[in-house]
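> Any chance you can model this:
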Amino acid sequence: MGDDERDRGVLSAADREYLRGDRELASVQAERNARARIRDRIYDALLDFEVLVEHLSERDLELVFEKRTAEADGTEAFDALVSAVAFLYRGLGRTDLDFETVLREGVNLAEAADDRGATVSLDVTHHALDADHLRQKLAEDESLSLTEIAYLYESDDVTPEELAKFFGDSRMSELDDGRVQSKVTDY
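Sure, this is the predicted structure:
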């Protein structure tokens, strides 16, 4: 389902158009107001997750995650969930909270609903995304993460012909719709 067919979530259809650059606002003040309204709704949505975790019925949870994600096209649900985690990860990086601690507590809060606990560990090793380094990894038959493949696809330093050499011509046409993150899951 396209964004224009979708009901309002945290963002309205107009908000989505504005953030993508598909809609201009009439004045600087209108832009400031829109950004403030979006920030307020994002924060309020974050606060709503506590209510959802504590009070949303199992049946509703099942209908959202099992039924609706099963009905979504192959990429829509995946992209949405990956983006939700990415948004929280980026946002937590701007606070004094530790992502691993928040992740651990979140997983354990979810597991507690099934009378379980969990041991959670996260190992994040940072490295710069660089086309030459990624080319070298491909040349050495190392696998690339989805993000690394997406980086190469979007990079001006790598031609479509080079990508076709590494991934095959038939697969390149699948990457052309701009949804590289979800399209490359089976590389």
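> only C-alpha atoms for contact and neighbour calcs from this point on.
Noted.
> mind listing what residue 92 touches?
Neighbour list for residue 92: 98-99 [criterion: C-alpha atoms under 8 Å, 6 or more residues apart in numbering].
> And the pLDDT at it?
Residue 92 is assigned a pLDDT of 95 by the prediction.
> Need the phi and psi values for it.
phi -60, psi -30 (degrees, to the nearest 10).
> State the pLDDT value of the spatially most central residue of the chain.
Residue closest to the average C-alpha location in the chain (C-alpha atoms, centre = their mean): residue 83, at 1.2 Å. At residue 83, the model reports a pLDDT of 90.
> Okay, and it sits in which element?
helix 76-92 (DSSP states H and E).
> repeat for residue 114
Per DSSP H and E, there is no helix or strand for residue 114.
> Please apply the same query to the one 10 residues further on.
When secondary structure is defined by DSSP H and E, residue 124 falls outside every helix and strand.
> Can you list phi and psi of it for me?
phi -110, psi 120.
> That one: how many residues sit nearby?
A count of nearby residues for residue 124, using other C-alpha atoms under 10 Å, gives 7.
> which residues are in contact with stretch 47-54?
For stretch 47-54, contacts defined as C-alpha under 8 Å, 6+ apart pick out residue 110.
> Pull out the buried positions in that stretch.
Neighbour counts over stretch 47-54 (16 or more other C-alpha atoms under 10 Å) mark no residue as buried.
> lowest-confidence helix or strand of this structure?
helix 180-183 (a mean of 49; mean pLDDT, DSSP states H and E).
> Next, the angle from the longest helix along the chain to helix 76-92.
In the chain, assigned by DSSP state H, the helix with the most residues is helix 28-55. Interaxial angle, helix 28-55 versus helix 76-92 (axes from the mean of the first three to the mean of the last three C-alpha atoms, to 10 degrees): 100 degrees.
> Flag every buried residue along helix 28-55.
34, 38.
> pLDDT of that helix, averaged?
Helix 28-55 comes out at a mean pLDDT of 96.
> which residues does residue 117 contact?
108, 111.
> Quick check: the gap between residue 109 and residue 83.
21 Å (C-alpha to C-alpha, to the nearest Å).
> Kindly report the same for residue 28.
29 Å.
> next one: residue 49
On the measure of C-alpha to C-alpha, residue 49 and residue 83 end up 16 Å apart.
> domains for the protein, by residue range?
Domain ranges of the chain: 8-55, 131-183, per automatic domain parsing.
> Put together CSV for the ones you listed, with distance to residue 102 on each row.
Compiled in CSV, those are given as follows (distance: least, C-alpha to C-alpha, whole Å):
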stretch, distance to residue 102
domain 8-55, 13
domain 131-183, 23
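> Could you list the low-confidence segments of this protein?
Within the chain, the stretches with pLDDT under 70 are 1-4, 74, 168-187.
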